[in-house]
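> My questions are about this predicted structure, shown below with the sequence.
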Amino acid sequence: MKRLLIAAIMLVAQFAVAQISNVNMNGVPARITSYTGIEGSPYLFQDWAKADIGTTNAGLKEDVAYRFNVHDNELEVINEAGNTIYLDKDYVEYAVLQRPSILMATGQEGVLPNLLFKKGFDMVKGVGSNDLVNVIAEGKKYTLVRKYYSDLITPPVNSYAPSPGKMFVFEENFFLIDSNENVQSVKNKTKSVLKALREEDQARAKELIKENKLDLSREDHLMVFFQKLNDT
């Protein structure tokens, strides 16, 4: 009987540890911030979607409900207890964010269904060591990242806005990083990307674009292009 009791206690303890590990996503409660009266949104996507998040303290968390606050560069998630929290980026290694299904249903050509975000790109101006940026391609020769940015401004009063107010201004900037960590700002256009490459890589790059009929204004084609270029 005593042995059965000890076994039962150990089983309960193991279950409790498992439960604790399942909710061990370090973060702080989501701040109650009112955006009433502010035009636009601080979020990358207004709708909640799912993400896979790799952390140093709790391993991989799959299918986590998230919104990415671009303005504060913070991941807002719903943990297993049903609480909305901001993740502590000290513990976040990477996050794969799904685009909301409602956006994918529109059938916009060339967009990726999942976006990889990582930190550690502070060689890019304006990016902190813990800031999450979208990594479109990463390789031995070139890495292409995209920084999302949302500023809160007060536009000038005009006939369309008779009273002063605030609005979020959303931007995205692409940066090409070579193997020596030289950084160039580029546009997601074929000519701009080609111009930013090393001279010795440009001939091969043009061949890849022609052979694969790539349009570098598309996310999926950008990813394919750099995967192939990094493999050469």
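Sure thing, it's come through.
> which residue packs closest to residue 43, ignoring adjacent ones?
residue 67 (5.0 Å; CB to CB, 6 or more residues apart in numbering). Every C-beta, even on glycine, is put in place using the N, C-alpha and C of the backbone.
> per-residue pLDDT, that neighbour?
Here the pLDDT value assigned to residue 67 is 96.
> Mind telling me what element it is part of?
Element membership for residue 67, per DSSP states H and E: strand 59-69.
> what packs against the helix or strand following that strand?
Proceeding N to C from strand 59-69, the next assigned helix or strand is strand 74-78, under DSSP H and E. Helices and strands touching strand 74-78, as assessed by 3 or more CB pairs under 8 Å, 6 or more residues apart in numbering; DSSP states H and E, comprise strand 49-55, strand 59-69, strand 84-87.
> circling back: how about the residue nearest to residue 43, what does it touch?
Residue 67 makes contact with 43-46, 48-49, 75-76 under the criterion CB atoms under 8 Å, 6 or more residues apart in numbering.
> Look up how far residue 197 lies from it.
35 Å (CB to CB, to the nearest Å).
> go on, residue 231?
Counting by CB to CB, the gap from residue 231 to residue 197 is 15 Å.
> In stretch 45-60, which residues are buried?
Within stretch 45-60, the residues that count as buried by 16 or more other CB atoms under 10 Å are 45, 49, 51-55, 58.
> ugh, wrong one, stretch 205-215
Neighbour-count burial for stretch 205-215, with 16+ other CB under 10 Å as criterion, is recorded at 205, 208-209, 214-215.
> Which ones among those residues lie within helices?
If you go by DSSP state H, the buried residues of stretch 205-215 have 205, 208-209 in helices.
> how about CSV for the buried residues of stretch 45-60, with distance to residue 92 added?
Formatted as CSV, those follow (distance: CB to CB, whole Å):
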residue, distance to residue 92
45, 18
49, 17
51, 11
52, 12
53, 7
54, 7
55, 6
58, 10
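> Return the closest of the residues you listed with respect to residue 138.
residue 54 (14.8 Å; CB to CB).
> Looking at strand pairing, list the partners for the closest one.
Residue 54 forms beta bridges with residue 60, residue 94, as assigned by DSSP bridges.
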